[in-house]
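S.K.: Sequence below, structure please.
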Amino acid sequence: MNGYAAITDGKGHFSIEPITVGAPAAKEVLVQIKASGVCHTDYDSQSWGERMIMGHEGAGVVLAVGSDVTTVQVNDRVLLNWAIPCGNCFQCSNGEQSICERQFSDSISPELAGHPHPDSIQSQGEALMRSFRLGTMATHAIVREEALVRIDVHIPFSSACIIGCGVMTGYGSVVNAAKVTPGNSVVVLGAGGVGLNVIQGARISGAEKIIAIDVQSSKLDLARQFGATDTILAEKSDSELLAAAEKVKAMTAGRGADYAFECTAIPQLGAAPLAMVRNGGTAVQVSGIEEKITVDMTLFEWDKIYINPLYGKCRPQIDLPILLNLYQKGLLKLDELVTNTYRLDELEKAFADMHAGKNAKGVLIIDE
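M.R.: The predicted model follows:
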């Protein structure tokens with residue numbers, strides 16, 4: 001079977017190239033990709049030093065299944081999940097599937113780590129690696145069965161594909177990690193794609209006050225559409241958002257919010273949510289900052305908690321169907337998140353629009 005894919009050289013570039021797709025091996029599934037989300041991680045993957053198929057947010061239709069596959073069948077509509085739990089390691093056994101030891105280990109076999117058979121997708125006779133063991137920016141993907149969640153509700157592929165990263169990260173950080181409850185007050189730093197889903201998670205959880213902070217008024221307009229009750233237009237000169245923190249306190253009886261979520265991915269704002277929460281409040285680092293930062297320890301006074309959950313502590317077979325059902329009930333806005341769609345050969349434009357802040361979320365529509 002022939003198709004095509006966005007393939008990076010690992011040195012900062014990508015090209016659209018033809019691929020040859022084989023049959024799925026045992027415990028593997030062949031998926032015809034219908035839509036793939038466009039994310040900052042996908043852009044960054046161009047510089048990871050490996051030639052591979054890009055993309056880690058996808059949805060499509062099952063074309064074939066290998067032996068021993070029991071959870072999906074041909075013609076099923078499926079959502080692809082990048083954090084593939086093994087179900088058996090120490091972390092999975094403790095319910096922490098998002099930090100499965102096998103998926104992040106370099107010391108075990110590729111099969112146990114959830115990697116599909118390396119020769120199943122090739123370009124010019126060369127076996128191709130796939131971003132996050134998925135490679136969704138392609139007409140086809142062959143993945144481990146554990147990477148798939150069946151879609152049992154009516155939803156466009158363009159809306160479904162974005163669930164498996166930013167939507168789950170934002171919603172899960174609120175519901176699974178912070179455990180926001182009705183009546184709580186919440187601050188969200190950054191109203192981009194992830195921040196909007198934090199806002200949605202807070203709204204669905206019954207938060208009484210949801211304060212969105214951003215430097216762009218257009219993003220604050222979106223934040224209100226997704227559930228923010230209040231907004232603060234921050235000054236770009238407010239580099240650590242300390243002035244914005246004073247406005248938050250004024251909105252929350254002078255003490256600060258119960259929870260604050262950092263969704264900007266700006267290293268110097270890594271400690272900013274601590275300035276937004278009351279004594280005994282919880283700051284949540286959502287965006288995945290990995291650089292070294294300096295923290296003024298007085299921000300921890302008093303009894304404040306700082307957590308750094310991965311992927312909203314996702315349990316794929318539990319949480320992703322919950323998100324699909326919330327969408328079906330009209331509680332989770334997904335269609336509204338997809339600002340623009342692109343063909344695969346328009347990926348360069350999709351990246352440019354993402355960096356320009358034009359999209360809440362851009363999506364590639366994949367046609368054979």
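
S.K.: residue ranges of the strands in the stretch 201-350 of the chain, please?
M.R.: For the stretch 201-350 of the chain, the strands defined by DSSP state E, counting those that start in this stretch occupy 209-214, 230-233, 257-262, 277-285, 305-307, 338-343.

S.K.: Just give the number of residues close to residue 302.
M.R.: The number of residues packed near residue 302 is 8, by other C-beta atoms under 10 Å. Where C-beta positions appear, they are placed from N, C-alpha and C, glycine not excepted.

S.K.: so who does it touch?
M.R.: Contact analysis of residue 302 by C-beta atoms under 8 Å, 6 or more residues apart in numbering lists 279-280.

S.K.: what ranges of this structure fall below the confidence cut-off?
M.R.: Applying pLDDT under 70 to the chain flags the ranges 104-115, 117-119, 368.

S.K.: Now with 50, please.
M.R.: Residues of the chain meeting the criterion pLDDT under 50: 107-109.

S.K.: just to revisit the earlier point, redo the strands of the stretch 201-350 of the chain as JSON lines? Include mean neighbour count and distance to residue 40.
M.R.: As requested, the strands of the stretch 201-350 of the chain are exported to JSON lines (neighbours: other C-beta atoms under 10 Å; distance: least, C-beta to C-beta, whole Å):
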{"stretch": "strand 209-214", "mean neighbour count": "27", "distance to residue 40": "16"}
{"stretch": "strand 230-233", "mean neighbour count": "18", "distance to residue 40": "23"}
{"stretch": "strand 257-262", "mean neighbour count": "29", "distance to residue 40": "15"}
{"stretch": "strand 277-285", "mean neighbour count": "21", "distance to residue 40": "16"}
{"stretch": "strand 305-307", "mean neighbour count": "15", "distance to residue 40": "22"}
{"stretch": "strand 338-343", "mean neighbour count": "16", "distance to residue 40": "15"}
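
S.K.: out of the ones you listed, which comes closest to residue 4?
M.R.: The closest of the strands of the stretch 201-350 of the chain to residue 4 is strand 338-343. By C-beta to C-beta, the value is 11.2 Å.

S.K.: ok, residue 27 to residue 190 distance?
M.R.: To residue 190, residue 27 is 39 Å away according to C-beta to C-beta, to the nearest Å.
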